[in-house]
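**Q** model the structure of this input:
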Amino acid sequence: MSASSVNRRRILSLWLPRLPVDRIQRFFPARSGVQDEQNIVVIKDNNALVIHSLDDAASRLGLHIGQPLANARAMCPDLKVFDADVVADAKTLSDVADWCDRFTPLVALDPPHGLFLDITGCAHLFGGEAALLQTLVRALGRQGFAVSAAIAGTSVCARTLTRQASGTIVADGGEAEAINRLPVSALGADEAITTGLRRAGLKTIGDVASRAPHEITARFGARFSTLLAHALGQGDAPISPRKPLPDYIVEKRFAEPIATDIMIAMTLSRLADTLIASMEKQGKGARRLEAAFFRTDGVVRAIMVETGRPVTRSAVIDRLFRERLDALADPLDPGFGFDMVRLSASRTEIVVQEQRDLDAHVHDNDELAALIDRIAARIGGKRVVVHLPQDTHMPEHAVLAVSAQHHLAVATHATWPARMESEPPLRPLRLFEKPEPIKVPFATVPDGPPHQFTWRRALHAVVRVEGPERIAMEWWRQDGRQLTRDYFRIEDAEGLRFWIFRDGLYEGEVFDGDGKPASPGWYVHGLFA
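**A** Below you'll find the predicted structure:
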């Protein structure tokens, strides 16, 4: 085999022709074993119910996809009819794609009921392409799916063969010969194009390929010509994998499935050692890690953790995943056991060497970052935040809450406004997310504070006041809705201290429907300690 053929892609096309009805029958295993029962799934098409999917028993009666339900019932009154659920079918196809990740990380959807697996360079791990194909088909068959699969050098050729010649493995360069005698409908082109080809006497793909490309393009368009060329092995469009390829992947397969917490922890620990060793050779550390657990019944569970700094020690990975697994609301259910565990680093960074022996701040930052990672692994990264100052006059926008894992270094060096010595704080300790309205019966106008106000059904008498502090929206951000605010620091008779403001200026910014000056609104924005 030449070097160029070794580098050629190998695509496995997987087709689940009865996915809608198989999905339903998997929930009723006893029913699916009854030989004399016919099951169909119907969908509305042009205001009529037609067959969307059917099982073998219904197919043997002469029923077919697209047939009206009324005609089907006339042929078989005892039909078991189910409504189509396109969303549930897509979810099932996605679950099958997750399961197929055990063979290759490059899995793409071929909707509505198909998948593409790029098995280039990995078939030998499963005993060759034939063994891989048989393993995949048999495993999905045990899960209750009807399966058709084929392997070729292009995705279009492999997809074409799954519709007509399941189980075919096309040698490199043999795509044209493999599909030569297949009907033109196997290409999956539009029905109008397929009908036009048949009327022109071109019944097989070989008949179409025998004509000059410019003739086909002129009659049926450039898109069909490209589809035909790809089916014949003359170039191919790349598939679009569902997930980006991780930077590093390590995995462990088991002849006997594992189910105990001890074995799972030991497996993750060994995989972490291998992963760290692989990254260490290139001077990298992991920022995002994912552990995938493949159950024997096809269910896949993925657990992800993120870190604030590149991880270069396997002990840290062990601790993070222990925290994550212990905090799961839906515990990891091994079922009949996991037959494969995979650990991948989907985001890595080059490790910057730092002087750690004499710099105490480096040690403090490392311990703080490790603590944040552990808390984030347990309660979620979005719940652990740091605050960054923002250059704005508006109080509710002066602080930005961001992920502590990703912004710890920035927050450490952030500069906050200095507090004046021997002066009370200008801003309250507790600031409301949204200012709460208060009722002010009367106030000293035009710039004075209220004498009393009602907040949350309680009347507060004002005894001390500081202000006003006038804050206006930046002129480049004004949109006509942000008014000038006059803030007051107020203490009531009970000793409670409030930060309130008047939203708008008297006779300047607030008007009623007739254009006459109206009273501005009053709000409490925070509470002092």
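**Q** so what's the residue count around the residue lying closest to P244 once chain neighbours are set aside?
**A** For P244, ignoring the flanking residues on the chain, the nearest one in space by CB to CB, 6 or more residues apart in numbering is S346 at 7.1 Å. No exception for glycine: its C-beta is placed from N, CA and C like everyone else's. When neighbours are counted by other CB atoms under 10 Å, S346 registers 18.
**Q** so which helix or strand takes in S346?
**A** S346 belongs to strand 338-350 when elements are defined using DSSP states H and E.
**Q** got the buried residues for whichever helix or strand comes after that strand?
**A** Using DSSP H and E, the helix or strand that follows strand 338-350 in sequence is helix 360-379. Buried positions in helix 360-379, judged by neighbour count with 16 or more other CB atoms under 10 Å: N365, A369, A370, I372, D373, R374, I375, A376, A377, R378.
**Q** which of those sits closest to R270?
**A** Nearest to R270 out of the buried residues of helix 360-379 is A377 (CB to CB; 19.9 Å).
**Q** look up phi and psi at the closest residue to that closest one other than its chain neighbours.
**A** The shortest distance from A377 to any non-neighbouring residue, by CB to CB, 6+ apart, is to E323 (4.1 Å). Recorded main-chain torsions at E323 are phi -60, psi -40, according to degrees, to the nearest 10.
**Q** wait, E323 sits on R374?
**A** Yes. Here E323 lies in contact with R374, judged by CB atoms under 8 Å, at a distance of 5.3 Å.
**Q** ok, now which ones touch the residue nearest to A377?
**A** Residues counted as contacts of E323 (CB atoms under 8 Å, 6 or more residues apart in numbering) are R374, A377, R378.
**Q** equivalent analysis for L182, please.
**A** The neighbours of L182, taking CB under 8 Å, 6+ apart as the test, are T160, L161, Q164, A165, T204, I205.
**Q** once you drop chain neighbours, what's closest to the most centrally placed residue in the chain?
**A** Averaging the C-alpha coordinates of the chain gives a centre point, and the residue nearest to it by CA atoms, centre = their mean is K243 (8.8 Å). If the residues on either side of it in the chain are set aside, K243 comes closest to P105, at 7.0 Å by CB to CB, 6+ apart.
**Q** any idea whether the one you found is helix, strand or coil?
**A** Taken by DSSP: H, G, I helix; E, B strand; the rest coil, the conformation at P105 corresponds to coil.
**Q** what's the neighbour count on A57?
**A** Counted with other CB under 10 Å, the burial measure for A57 works out to 19 neighbours.
**Q** likewise the one 4 residues further on?
**A** L61 sits with 13 neighbouring residues when counted by other CB under 10 Å.
**Q** check V86 too.
**A** A count of nearby residues for V86, using other CB under 10 Å, gives 12.
**Q** on that earlier part again, touching, the residue nearest to K243 and P244? I think so.
**A** No. Between P105 and P244 there is no contact, the gap being 9.1 Å when judged by CB under 8 Å.
**Q** higher neighbour count, these two?
**A** With other CB under 10 Å as the criterion, P105 and P244 differ in neighbour count, and P105 comes out ahead with 20 against 9.
**Q** could I get the full set of strands for the stretch 251-400 of the chain?
**A** Along the stretch 251-400 of the chain, the stretches classed as strands by DSSP state E, counting those that start in this stretch are 284-295, 300-311, 338-350, 385-389, 399-403.
**Q** which one of the ones you listed lies nearest to S185?
**A** For the strands of the stretch 251-400 of the chain, proximity to S185 was assessed by CB to CB; strand 300-311 is nearest, at 34.4 Å.
**Q** and the closest one, what does it pack onto?
**A** Contact analysis of strand 300-311 by 3 or more CB pairs under 8 Å, 6 or more residues apart in numbering; DSSP states H and E lists helix 86-100, strand 284-295, helix 314-326, strand 338-350, helix 360-379, helix 404-412 as its packing neighbours.
**Q** pairing partners for it, with directions?
**A** strand 284-295 (antiparallel) (DSSP bridges).
**Q** grab the nearest non-local neighbour of I317.
**A** A272 (4.1 Å).
**Q** enumerate every residue touching that neighbour.
**A** Counting by CB under 8 Å, 6+ apart, A272 has contacts S314, I317, D318, L343.
**Q** wait, doesn't the third one sit right on S269?
**A** Yes. A contact is recorded between D318 and S269 when judged using CB under 8 Å, the distance being 5.3 Å.
**Q** sorry, back to before: between the helices and strands packed on strand 300-311, which one is nearest to K44?
**A** helix 86-100 (11.2 Å).
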